[in-house]
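> got a sequence here, can you build the structure:
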Amino acid sequence: MLEGESRELFTQLLEAITAEIKPRTPIEASLVETMAIARWRQMRVWGIQKAAFDIEMARPENASGSPPARAAVVFRSLGDNSRTLDLHHRYETSYDRQFSRALGLLVKLRSVQPAAGEDSLLVGPLTCSTATWEPEQKESQENVICDSNPATL
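Residues are numbered from 1 along each chain as shown. Predicted coordinates:
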């Protein structure tokens, strides 16, 4: 989680995708987690893009005209004079592909391993985004984006 991002909103997103997909194996749970993280990052890029537009539209030289006209001027300026829009598009596309690839793998996996029945064990994500990092002495739980205990999902 980046500073200022809502851990609660991420958890809600992860829980919603988990509830819809109902992962039955650790691999399926991992794919669901990948989908949630990719979607979260895509939403982050959208927020960053909106902030970039808001900042540029607030500049005095862009302050006159209707909001659509000001947005058009800013869009042209960002496209012509910086790589901002290119970077936003690249990351937005990358995260969309990550989500789609994970969903596709999940669908493919399920087509070769059909459900054992409605009473199949449901599992949640087994790792957290911070699982590869050594914990700091006084690590704040604000940086953990998921619970390592699948039963709490």
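> for the helix or strand where residue 43 lies, name the packing helices and strands.
Residue 43 is part of helix 26-58, with elements assigned from DSSP states H and E. Packed against helix 26-58 by the contact rule (3 or more C-beta pairs under 8 Å, 6 or more residues apart in numbering; DSSP states H and E) you find helix 7-21, helix 67-81, helix 84-112. Just so you know, the C-beta spots here come from the backbone N, C-alpha and C atoms, and that holds for glycine as well.
> buried stuff in the second one?
By neighbour count with 16 or more other C-beta atoms under 10 Å, helix 67-81 contains the buried residues 70, 71, 73, 74, 77, 78.
> export that helix as PDB, just CAs?
Presented in PDB, the C-alpha positions along helix 67-81 are these (Å, rounded to 0.1, in the frame of the first residue of the first chain):
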ATOM      1  CA  PRO A  67     -13.800  22.200 -18.000                       C
ATOM      2  CA  PRO A  68     -13.800  20.100 -21.200                       C
ATOM      3  CA  ALA A  69     -11.800  22.800 -23.100                       C
ATOM      4  CA  ARG A  70      -9.300  23.000 -20.300                       C
ATOM      5  CA  ALA A  71      -9.000  19.200 -20.100                       C
ATOM      6  CA  ALA A  72      -8.400  19.100 -23.900                       C
ATOM      7  CA  VAL A  73      -5.600  21.700 -23.600                       C
ATOM      8  CA  VAL A  74      -4.000  19.800 -20.700                       C
ATOM      9  CA  PHE A  75      -4.400  16.500 -22.600                       C
ATOM     10  CA  ARG A  76      -2.600  17.900 -25.600                       C
ATOM     11  CA  SER A  77       0.100  19.500 -23.400                       C
ATOM     12  CA  LEU A  78       0.700  16.300 -21.500                       C
ATOM     13  CA  GLY A  79       0.800  14.200 -24.700                       C
ATOM     14  CA  ASP A  80       3.000  16.600 -26.600                       C
ATOM     15  CA  ASN A  81       5.400  17.800 -23.900                       C
END
